[in-house]
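Asks: Here is a sequence with its predicted model. Questions after.
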Amino acid sequence: MSIDPHEPNPVEIHDSKGVYASYGVGMTILAAASATAPGWGPILAIAFGVHAVWALRRLVDRGPRIRITSEGIIEENFWYSPGLIRWEEIIDVRPTRFALIEVELRDEGAFLERLSPLRQMARFKLRLFGFGPALITPWGMNRSTGEVVTMLQEGLDQYVLESARKQVLPSNGEVP
């Protein structure tokens, strides 16, 4: 799949219906089973019920979770997602353990300053596990981590190529 930064429609990656449907069913079963259990049962039923409602919300809200545009990568999969990561900020994109995607940045400090305080705190916690602040979480997507990494690398390669072309062309736009 080739990514053209001048394409009017960005590449969009959505939730996997199967993942969230099965997760919702599983959480509903656990909530129902926990409801009658003594002790912590009712509390667990509430917790599992919240997860079931969240899974249902993910099934109904079909908005894109990851978008690859001419501007950069927009990840909005979870509340702690980094949001927009501009191509000019990115050095490299690579898969990590746990099916995560690490985006190596030119200036991590500048990136973190742009984030809300809540997202900054979440990004700081990820650093405790050895990850950078621009970690992408493709869990539950309708594409594999490998496919997402390939799409992101193609987008970065296209951005680098377009940037090089702009620097080589004279100011009048004619090819030398």
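Replies: It's in. Numbers count the residues shown, from 1 in each chain.

Asks: Spatially central residue in the protein, please.
Replies: By CA atoms, centre = their mean, the chain has its centre lying nearest to E75, at 3.7 Å.

Asks: Contact partners for it?
Replies: 65-67, 81-83, 85, 136-137 (CB atoms under 8 Å, 6 or more residues apart in numbering). Yep, even glycine has a C-beta here, placed from its N, CA and C like the rest.

Asks: for E102, same thing?
Replies: Counted by CB under 8 Å, 6+ apart, E102 has contacts 93-96, 131-132, 134-136.

Asks: re the thing from before, could you give the bridge partners of the residue nearest to the centre of the chain?
Replies: Beta-bridge pairing for E75 (DSSP bridges): I66, G83.

Asks: So which of the contacts of E102 belong to helices?
Replies: The helices in this structure, assigned by DSSP state H, contain none of these.

Asks: In PDB, please show the C-alpha coordinates belonging to the one helix or strand in the chain whose mean pLDDT sits lowest.
Replies: One helix or strand of the chain scores below all others by mean pLDDT, DSSP states H and E: helix 117-128, with a mean of 73. The C-alpha coordinates for helix 117-128 follow below in PDB (Å, rounded to 0.1, in the frame of the first residue of the first chain):
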ATOM      1  CA  PRO A 117      -0.900  17.500  31.400                       C
ATOM      2  CA  LEU A 118      -2.900  14.200  31.700                       C
ATOM      3  CA  ARG A 119      -1.300  12.800  28.500                       C
ATOM      4  CA  GLN A 120       2.200  14.000  29.700                       C
ATOM      5  CA  MET A 121       1.700  12.000  32.900                       C
ATOM      6  CA  ALA A 122       0.700   8.900  30.900                       C
ATOM      7  CA  ARG A 123       3.600   9.300  28.600                       C
ATOM      8  CA  PHE A 124       6.000   9.600  31.600                       C
ATOM      9  CA  LYS A 125       4.700   6.300  33.000                       C
ATOM     10  CA  LEU A 126       5.500   4.600  29.600                       C
ATOM     11  CA  ARG A 127       9.000   5.900  29.900                       C
ATOM     12  CA  LEU A 128       9.400   3.900  33.100                       C
END
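
Asks: Next, give phi and psi for the closest residue to I91 other than its chain neighbours.
Replies: Leaving aside its sequence neighbours, I91 sits nearest to E104 (CB to CB, 6 or more residues apart in numbering; 4.4 Å). E104 adopts backbone torsions of phi -80, psi 130, taken as degrees, to the nearest 10.

Asks: Hmm, L56 is touching Y23, no?
Replies: No: here L56 does not reach Y23: they are 9.7 Å apart, not a contact under CB atoms under 8 Å.

Asks: which of the two has more neighbours?
Replies: Set L56 next to Y23 and count neighbours by other CB atoms under 10 Å: Y23 wins out with 19 against 16.

Asks: Many thanks, we can stop here.
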